[in-house]
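>>> From the sequence below, what's the structure:
(one chain, ligands or ions: 2)
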Amino acid sequence: TQSTRPQRLLGAVQKNATRGQPHSVLKAIDQFCTHTEWAMNVGDEKGCILDSVVSEVNPATVLELGTYCGYSTVRIASLLPPHAKLITLEFNPDFAAIARQVIAWAGLEDKVQLVEGASGDWIPKMKEQFGITTFDFVFLDHWKDRYLPDTKLMEECGLLRKGTVLLADNVICPGTPDYLEYIRNSPRYKSQYFKSHLEYTKVEDGLEKSVFQG
Ligand SMILES: Cc1ncnc2c1ncn2[C@@H]1O[C@H](/C=C/CNC(=O)c2cc(-c3ccc(F)cc3)cc(O)c2O)C[C@H]1O
Ligand SMILES: [Mg+2]
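Ligands and ions are numbered 1, 2, ... in the order given. This is a model prediction of the structure:
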């Protein structure tokens, strides 16, 4: 039977990366996606911007929307302080199964809680299920038409506090026009666009960093 792209990506990690070394996992995925098969990971160019924002925030609580194969999960978790928690939501069970193995190969399973399910269902349950009061940092990288509704849902559920940083992937390609329009015009956010390129290509893309004003 045919393997899937995430299965082939996991194979490249298991073949080329060293267990317990997150950096080698990221390198193996980026090489696979550059030389063998494109995949929708945030990639190394936008990944460096992600790294700098995560390091600046130094978050104790992180929410990631859209795990996929776990590339950005590994990237973020590898920068977190010892007792920080990263909750990542993924509703495709096949992707979740691959991501768990990628995260484990990197040795970061203690920092990461991968929750299988839809963001719209789980965001309202964050407080009761995981004892979260607010998130310090949110990485949006799931279906692009879910960025806006989920941001509004996080506001309504009181999961954002003064200073919470939202970082959104793909605001140019594939694009998230309704999210950008809202976040850039809302007095409740201070936004900044980081110009970059679509992973593994020369196509323009970028990240939008938005700080919740409370
Ligand atoms: C609502 C919800 N809840 C939980 N998980 C959710 C969810 N919506 C999607 N997910 C999960 O996140 C992942 C989805 C991510 C969506 N990302 C994309 O569609 C995406 C697409 C491209 C892209 C750009 C140019 C091209 F020509 C082709 C593709 C690039 C990217 O960086 C992307 O993130 C996997 C999915 O199961
Ligand atoms: Mg993306």
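
>>> P6 and S24, how far apart?
P6 sits 19 Å away from S24, going by Cβ to Cβ, to the nearest Å. Placement of C-beta: from N, CA and C, glycine included.

>>> If you count surrounding residues, which of those two has more?
Neighbour count, other Cβ atoms under 10 Å: between P6 and S24, P6 has more, with 21 against 16.

>>> Give me the spatial nearest neighbour of that one, chain neighbours excluded.
Closest residue to P6 apart from its sequence neighbours, by Cβ to Cβ, 6 or more residues apart in numbering: I98 at 4.1 Å.

>>> contact partners of the helix or strand containing the one you found?
If you go by DSSP states H and E, I98 is part of helix 93-105. With Cβ atoms under 8 Å, 6 or more residues apart in numbering as the test, helix 93-105 has contacts from 4, 6-7, 9-10, 13-14, 17, 19, 25, 29, 67-71, 73-74, 77, 88, 90, 109, 112, 114, 116.

>>> And the residues you listed, which of them are buried?
6, 9-10, 13, 17, 25, 29, 67-71, 73-74, 77, 88, 90, 112, 114, 116 (16 or more other Cβ atoms under 10 Å).

>>> out of these, which touch ligand 2?
Among these, no residue is within reach of ligand 2 (Cβ under 5 Å from the ion).

>>> Now whatever residue of the chain ends up closest to ligand 2: phi and psi?
Distances between the chain and ligand 2 by Cβ to the ion are smallest at D169, namely 3.7 Å. The phi and psi values for D169, taken as degrees, to the nearest 10, are phi -80, psi 160.

>>> now the one 10 residues further on
Torsion angles at Y179 (phi, psi; degrees, to the nearest 10) stand at phi -60, psi -50.

>>> Which residues are in contact with it?
Applying Cβ under 8 Å, 6+ apart, the residues near Y179 are L140, K144, Y147, L148, T151, A168, V171, E208.

>>> if you set the cut-off to 6 Å instead, what comes out?
Going by Cβ atoms under 6 Å, 6 or more residues apart in numbering, Y179 touches Y147, L148.

>>> quick thing: my sequence starts at 47, can you match it?
Got it, the first residue is 47 from now on, which makes the last one we talked about Y225.

>>> per-residue confidence for the residue in the chain positioned nearest to ligand 1?
Residue nearest to ligand 1 within the chain (Cβ to the nearest ligand atom): G112, separated by 3.0 Å. We have a pLDDT of 99 for G112.

>>> Am I right that it is in contact with L186?
No - under the criterion of Cβ atoms under 6 Å, G112 makes no contact with L186, lying 7.5 Å away.
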